[in-house]
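**Q** Please work out how this folds:
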Amino acid sequence: MEKNPPYLPHDLIILILLRLPVMSLLRFKCVCKLWFSLISQTHFANSHFEITVTHSPKILFISNPYLETRLIDFEASLSDYYTSTSLNLSFVRPRPRPDPYPHRGYYFYIQTKCSCRGFIFLHRAATTYLWNPSTRVHKQIPLSPYGSYLQVNHSLHLYCFGYDPSTDDYLVVLMSFHNVFHNISLHLEFFSLRDNRWNEIEVTNFPYINFSDYSMVGSLFNGAIHWLAFHLDLSMNVIVAFDLIERKLLDISLPDDLFWRGLPGDFEHEPTDCDLWVFGELLSVWTRQNDIVEIWVMKEYKVHSSWTKTLVFSIDVIPTHYFAPICCTKIGDIIGTDGEVGLVKYDEKGQFLEYTS
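**A** Numbers count the residues shown, from 1 in each chain. As a prediction, this is how the structure comes out:
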């Protein structure tokens, strides 16, 4: 008498597959047509991401020039990390060529700028890439129609990338400001990964320029990319947000009691550093003046009165006297960089916990 083959309900198969690593899923696409169709679905990919992101709280560092990667579980100790050279980053290495400046070398360091849903935005010289370390898939982003300006000093830009769930598309957003012989040209454009092309957005009122002297990466929060920018009409710094679904800009005011809001000529109270980040599940702004860091959070998104100062702490224990927050743990500990290769951790009350370099 023949025995019936073991049977697993379809729903149970889905639950099992959702908990497998990405590389295993790529191999299991070859098992049968049903699994190939299932794993290829957008809904499955989104569900898999939502499950894995809650179990993989890690920071990825790339050590130049040997392209050694370092994975740090920021819920654990900063000294507990996994170092690997198995992630192939050879696609970002420049081709050897005669160097007009041999004392500098032809190798340009790679920088990790931001991440979204498993993709990492890499930057080297004027070249940018989207890279998925799990699938090893990468794509070089072509220069925008105004990309030739990215290598010259008179160009400043705000940029980042994010995900549009309405079209299942990843967008690289670029807001550029070109000052040629005192003639300022402003452009807002985005690169669609799905369409593989740049699109310029016509904006009738574009009163923003970069508030800093260098190009800045945005903070992805609540379906929008946020930057600090200088509002020309108001003559002060604001937060400008780009809605990834509606493809439009809006501005958000900074806290009234922030010790510096970018008023003209207020150099005495100007911080050494200032930027946005996401503190837990809240949009946040941090400032650093001398060895003191202030952190503000917007407890209700887009509600100006909800800005609250949550922390003020000293960073005088850090050898570099620099601190920029990167992320926070589930219990509220803040992890930041020392500006070089070190990481620093403070607790939710601003007390120093550990430092590793």
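
**Q** So, low pLDDT: which residues of the stretch 251-357 of the chain?
**A** 259-271 (pLDDT under 70).

**Q** which residues in it form strands?
**A** 273-279, 282-289, 292-298, 307-314, 324-328, 334-337, 343-346, 352-356 (DSSP state E, counting those that start in this stretch).

**Q** Same list (those) but as CSV, adding distance to L250 and mean neighbour count.
**A** Any C-beta I mention is one placed from the backbone N, CA and C, and that applies to glycine too. What follows is those, written out as CSV (distance: least, C-beta to C-beta, whole Å; neighbours: other C-beta atoms under 10 Å):
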stretch, distance to L250, mean neighbour count
strand 273-279, 15, 19
strand 282-289, 13, 20
strand 292-298, 14, 20
strand 307-314, 16, 16
strand 324-328, 24, 17
strand 334-337, 28, 21
strand 343-346, 32, 22
strand 352-356, 37, 14
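
**Q** got JSON lines for those strands, with distance to L220 too?
**A** Formatted as JSON lines, those follow (distance: least, C-beta to C-beta, whole Å):
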{"stretch": "strand 273-279", "distance to L220": "8"}
{"stretch": "strand 282-289", "distance to L220": "10"}
{"stretch": "strand 292-298", "distance to L220": "15"}
{"stretch": "strand 307-314", "distance to L220": "20"}
{"stretch": "strand 324-328", "distance to L220": "12"}
{"stretch": "strand 334-337", "distance to L220": "18"}
{"stretch": "strand 343-346", "distance to L220": "21"}
{"stretch": "strand 352-356", "distance to L220": "26"}
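
**Q** Verify the contact between I252 and D243 for me.
**A** No. Look at I252 against D243 with C-beta atoms under 8 Å: they stay out of range, at 12.0 Å.

**Q** Which of the two has more residues huddled nearby?
**A** Between I252 and D243, I252 has the larger neighbour count (other C-beta atoms under 10 Å), namely 18 against 15.

**Q** Could you find the closest non-adjacent residue to the more buried one?
**A** In this structure, I252 finds its nearest non-sequential neighbour in I239, 4.1 Å apart by C-beta to C-beta, 6 or more residues apart in numbering.

**Q** buried set for the longest strand along the chain?
**A** Identified as the longest strand of the chain according to DSSP state E is strand 169-180. Buried residues in strand 169-180, counted by 16 or more other C-beta atoms under 10 Å: Y170, L171, V172, V173, L174, M175, S176, F177, H178.

**Q** Over to stretch 226-241?
**A** Across stretch 226-241, burial judged by 16+ other C-beta under 10 Å covers H226, W227, L228, A229, F230, H231, M236, N237, V238, I239, V240, A241.

**Q** And stretch 40-56, by the same measure?
**A** So stretch 40-56, judged by 16+ other C-beta under 10 Å, has buried residues F44, A45, H48, T52.

**Q** follow-up on the earlier one: next, give me the two most distant ones among the buried residues of strand 169-180.
**A** Farthest pair in these (C-beta to C-beta) is Y170 and H178. Separation: 25.7 Å.

**Q** what about the strands of the stretch 251-357 of the chain, which gets the closest to K248?
**A** Nearest to K248, of the strands of the stretch 251-357 of the chain and by C-beta to C-beta, is strand 282-289 at 17.9 Å.

**Q** Determine how far that closest one lies from the middle of the whole chain.
**A** 16 Å (C-alpha atoms, centre = their mean, to the nearest Å).

**Q** Same question for stretch 22-30.
**A** The chain centre lies 27 Å from the centre of stretch 22-30; the measure is C-alpha atoms, centre = their mean.

**Q** Now do that stretch: everything it contacts.
**A** For stretch 22-30, contacts defined as C-beta atoms under 8 Å, 6 or more residues apart in numbering pick out L17, L20, W35, F36, I39, S40, H48, T52, G118, S134, T135.

**Q** burial measure for D195, as a count.
**A** 11.

**Q** And for it, nearest residue in space, chain neighbours not counted?
**A** Counting by C-beta to C-beta, 6+ apart, the residue nearest D195 is D169, at 7.7 Å.

**Q** Skipping its backbone neighbours, what lies nearest the residue most central in space within the chain in space?
**A** Nearest to the geometric centre of the chain sits C114, at 2.2 Å (C-alpha atoms, centre = their mean). Leaving aside its sequence neighbours, C114 sits nearest to F121 (C-beta to C-beta, 6+ apart; 4.8 Å).
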